[in-house]
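Chemist: A structural model of the following input is requested.
(2 chains)
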Amino acid sequence: MTAVTEHIEREVAIVPPKDHTPVIRSLDPSDFPTPTSRDEEFRFTPMAKLRDLHKGDVPTTGGMAIAVNKVPGATFELSAAKTGERQGFTDKIAAGAWASLDSISTLTISADAQLEESVVVSIVGSGAVSYGQLDINVGKFAKAVVIVDHIGDATYAGNIDINVADGASVCVVSLQDWDAKAVHLAQHRITLGRDSSVKHVSITLGGEVVRILPSVVYTAPGGQAELLGLYFAGAGQHAEHRLFVDHSEANCRSNVVYKGALDGADAHTVWVGDVLIRANAVGTDTYEINRNLVLSGGGRADSVPNLEIETGEIVGAGHASTTGRFDDEQLFYLQSRGITPDEARKLVLRGFFEDLLSQIGVPEINDRVRNSIETRLGGHI
Amino acid sequence: MSVIEIKGLTVQVTTEDGPKDILRGVDLTVKAGEVHALMGPNGSGKSTLAYAIAGHPKYSITGGSVTLDGQDVLAMSVDERARAGLFLAMQYPVEVPGVSISNFLRTSITAIRGEAPNLRHWIKELKESMAGLQIDPQFAERNVNEGFSGGERKRTEILQMELINPRIAVLDETDSGLDVDALRVVSEGINRVCAKGETGVLLITHFTRILKYVKPDFVHVFYDGRIVREGGSELADDIEANGYAQFVTA
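Modeler: Just a heads-up that it's a prediction; the model follows:
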């Protein structure tokens, strides 16, 4: 790809341990100051388009319709009570969602269950301001694929907590296939037990503003996290993903691959990948990569990998980020075989995402994602 | 009977020091059924000629003409040239991540033939062509040129030529980087296309090695952006024996 800006590093200097800024953790939105674009975490976010969700106190005006298919080994329930222990959220939006919501959705995958089909949780908006909390609890040694499908129109702050017990393995795909005007803000918090693994996939195709914050915490050695993302931002769309992988245990792995395309005026994508390898996390192996393809003028892709390493006793750590336009040599090659410029660009764009789709490995979403991107391209490219 | 006629072709590239003339008046005619070898030292402009014919945007035509069966090639876009019957086998074919060989070839063939090939016939055709070039059938599902060795890339270029069956094929140093076995396989592929008599071949090469397998009807020596000597295959023997230096002052 012809790089407009390119930044590739495999070797990263080891920085001395430093005090991490104390993070407010709370379930009460009043514990947080109202964020502004001067805050590091929000510096790329269009605050004016958040419909005040960042103030943490916008009243609910309606609910989301939630439907789940029945899969043996999985149970789904809605409960009104905010019982049990829950770790505090790290920003006012998420805490505001918790404070405002009136029911919690819990998907439980039984211990040892090996699900034979994907669980699909459909979350359908009808234009209202709405809040949600989905807990996905994966029992010991269970194996499951869960697709959380967000469609319709909404102003929605909805968090997902994914708890993966020892030895379990889960793939959670969050599809943001909203109508054009939706606003969706979410924290996806993953907690990994011993020798457990998660594949977390965020696919953002629709919505005016989508801001997803996936984070991974390891509670025991041997955890593996694969964080994959695919996003497409058309004119006026803002698609933001901020990841945080906290390597606090020994011998854990993380691998991050996010790819996005931008098309049209004011299309804005943000990818921030924070990885912290704490002093005791020896044997860590981590790599993160973000690639952006700018299809037409006027788009902006922000891509910020951050790797902080407090121990040298690791297997590997690295990151890469590229943002570029179509590669002229690729287009020439395809056109020299009779393929029209439009078709050549479509082939390259499809190809750009195809590797990622096979890495995601959930075939039932492939056609949907491919078609959605081509529809959103609106026949031009 | 197809014919490409190149007359007085001059080409510039843009460099940091401003425009630079690369081709300084090329005259060349290639007819279907003929094999022309274009030989010359590095930097003589051979590849520029190939890319200029194919329409690479990096090269600007400053004079002369190129016609294919009377049609103005220089007025066509890159893809129009290919659909008109021109084919360029590249020296360094690029990778196209995520696009399988099979998808790429089907898309190309559909564009060139003007309709999608019958699926059953197409699979058979592809299998046979791949077998002829000793390409593992599994290559069809691999991404275009991704992780291919030099030899695999060149075989894949010739595979495309066989399937497309162009009127005029320009092969840009297809022999470079091939071991003897691969050179033989690739040459057999070129000869199969030549034997049909429907394709004119312009074989661009630095070395005479490939000419032991693909017999040229005409040999052109290229130097400093123009053809400086023309002859039959005996000219290649002369180059083999005495090198290019003898033509430098020509």
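Chemist: and residue 239, what does it touch?
Modeler: Defaulting to chain A. Counting by CB atoms under 8 Å, 6 or more residues apart in numbering or on different chains, A:A239 touches A:176, A:204, A:207, A:210, A:231-233, A:260, A:268-270. For glycine as for every other residue, the C-beta is placed from the backbone atoms N, C-alpha and C.
Chemist: that's the other chain; I wanted chain B
Modeler: B:I239 touches B:39, B:208, B:219, B:221, counting by CB under 8 Å, 6+ apart.
Chemist: measure it to chain A for me?
Modeler: As judged by CB to the nearest CB, to the nearest Å, B:I239 and chain A stand 29 Å apart.
Chemist: and what of B:G189?
Modeler: 17 Å.
Chemist: ramachandran coordinates for that residue?
Modeler: Main-chain torsions, B:G189, degrees, to the nearest 10: phi -60, psi -40.
Chemist: surely it is in contact with B:Q134?
Modeler: No: in this structure, B:G189 is not within contact of B:Q134 by CB atoms under 8 Å, at 9.6 Å.
Chemist: more neighbours, the two?
Modeler: B:G189 (23 against 14; other CB atoms under 10 Å in any protein chain shown).
Chemist: picking up where we left off before, and for B:G189 and B:Q134, which residues touch both?
Modeler: With CB under 8 Å, 6+ apart as the test, B:G189 and B:Q134 both reach B:R155.
Chemist: how about the helices of the chain, start to end?
Modeler: Answering for chain A, as no chain was given. Here chain A has its helices, by DSSP state H, at A:92-100, A:328-335, A:341-360, A:363-377.
Chemist: looking at chain B here, not the other one
Modeler: Counting by DSSP H, the helices of chain B are B:46-54, B:78-84, B:101-113, B:119-132, B:150-164, B:180-195, B:234-242, B:245-248.
Chemist: would you list those helices in CSV and tack on mean pLDDT and distance to A:R51?
Modeler: Compiled in CSV, these are given as follows (pLDDT from 0 to 100; distance: least, CB to CB, whole Å):
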stretch, mean pLDDT, distance to A:R51
helix B:46-54, 96, 53
helix B:78-84, 98, 46
helix B:101-113, 96, 42
helix B:119-132, 94, 50
helix B:150-164, 96, 53
helix B:180-195, 95, 63
helix B:234-242, 91, 75
helix B:245-248, 82, 74
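Chemist: skipping adjacent residues, who's closest to A:G351 in space?
Modeler: Nearest non-adjacent residue to A:G351, counting by CB to CB, 6 or more residues apart in numbering or on different chains: B:G98, 2.8 Å away.
Chemist: confirm for me that the one you found is in contact with A:E354.
Modeler: Yes: in terms of CB under 8 Å, B:G98 counts as a neighbour of A:E354; the distance is 3.5 Å.
Chemist: quick one: whichever residue of chain B sits closest to chain A from A:R368, how far?
Modeler: In chain B, the residue found nearest to chain A is B:G98; the distance is 2.8 Å by CB to the nearest CB. Using CB to CB, to the nearest Å, B:G98 is found at 17 Å from A:R368.
Chemist: between those two, which is the more surrounded one?
Modeler: B:G98 (21 against 15).
Chemist: okay, the closest residue to A:L230 other than its chain neighbours and chain B: tell me how far apart.
Modeler: Distances taken as CB to CB, 6+ apart put A:I203 closest to A:L230, at 4.8 Å, once the chain neighbours are dropped. Distance check for A:I203 against chain B: by CB to the nearest CB, it reads 16 Å.
Chemist: how many neighbours does A:I203 have?
Modeler: Count around A:I203 with other CB under 10 Å applied: 27.
Chemist: how close does it get to A:L27?
Modeler: 28 Å.
Chemist: repeat for B:V221
Modeler: Computed as CB to CB, the B:V221 to A:L27 distance reads 82 Å.
Chemist: just B:A75 next, same as before
Modeler: From B:A75 to A:L27 the distance is 69 Å (CB to CB).
Chemist: show me which of the two is the more surrounded one.
Modeler: Taking other CB under 10 Å, B:A75 and A:L27 do not tie; A:L27 has more neighbours (14 against 11).
Chemist: check contacts around the more buried one.
Modeler: Taking CB under 8 Å, 6+ apart, one finds A:86, A:88-89, A:95, A:98-99 in contact with A:L27.
Chemist: tell me the bridge partners for residue 203.
Modeler: In the absence of a named chain, chain A is used. A:I203 has these beta-bridge partners by DSSP bridges: A:L175, A:L230.
Chemist: not quite, I wanted chain B
Modeler: Going by DSSP bridges, B:L203 forms beta bridges with B:A37, B:L171.
Chemist: show the pLDDT at it.
Modeler: B:L203 carries a pLDDT value of 97.
Chemist: neighbours around it, how many?
Modeler: 25.
Chemist: quick one, what contacts it?
Modeler: So B:L203 contacts B:35-38, B:171, B:174, B:190, B:210-211, B:214, B:216 (CB under 8 Å, 6+ apart).
Chemist: would you confirm that B:G85 contacts B:T67?
Modeler: No: using CB under 8 Å, B:G85 makes no contact with B:T67, being 12.0 Å away.
Chemist: so which of these two has more stuff around it?
Modeler: Neighbour count, other CB under 10 Å: between B:G85 and B:T67, B:G85 has more, with 24 against 16.
Chemist: for the more buried one, which non-adjacent residue is spatially closest?
Modeler: B:R167 (3.3 Å).
Chemist: pretty sure the one you found sits against B:Q71.
Modeler: No: the pair B:R167 / B:Q71 is not scored as a contact, 10.7 Å apart, by CB under 8 Å.
Chemist: near chain A, which residues of chain B show up?
Modeler: Listed as neighbours of chain A in chain B under the rule CB under 8 Å from any CB of the partner chain: B:54-57, B:77-79, B:81-83, B:87-88, B:90, B:93-99, B:103-104, B:107-108, B:111-112, B:143, B:160, B:164.
Chemist: where does pLDDT dip in the stretch 1-150 of chain A?
Modeler: A:1-22 (pLDDT under 70).
Chemist: just the strands in it please.
Modeler: Using DSSP state E, counting those that start in this stretch, the strands assigned to the stretch 1-150 of chain A run over residues A:2-9, A:65-68, A:74-79, A:104-109, A:119-138, A:143-164.
Chemist: please state the offset of the shortest one from the chain centre?
Modeler: In this case it means strand A:65-68. Counting by CA atoms, centre = their mean, to the nearest Å, strand A:65-68 is centred 21 Å from the centre of its parent chain.
Chemist: tell me which strands that strand pairs with, and in which orientation.
Modeler: Assessed with DSSP bridges, strand A:65-68 is paired to strand A:119-138 (antiparallel).
Chemist: for the partner strand, what is the distance to the chain centroid?
Modeler: The answer for strand A:119-138 is 15 Å, by CA atoms, centre = their mean.
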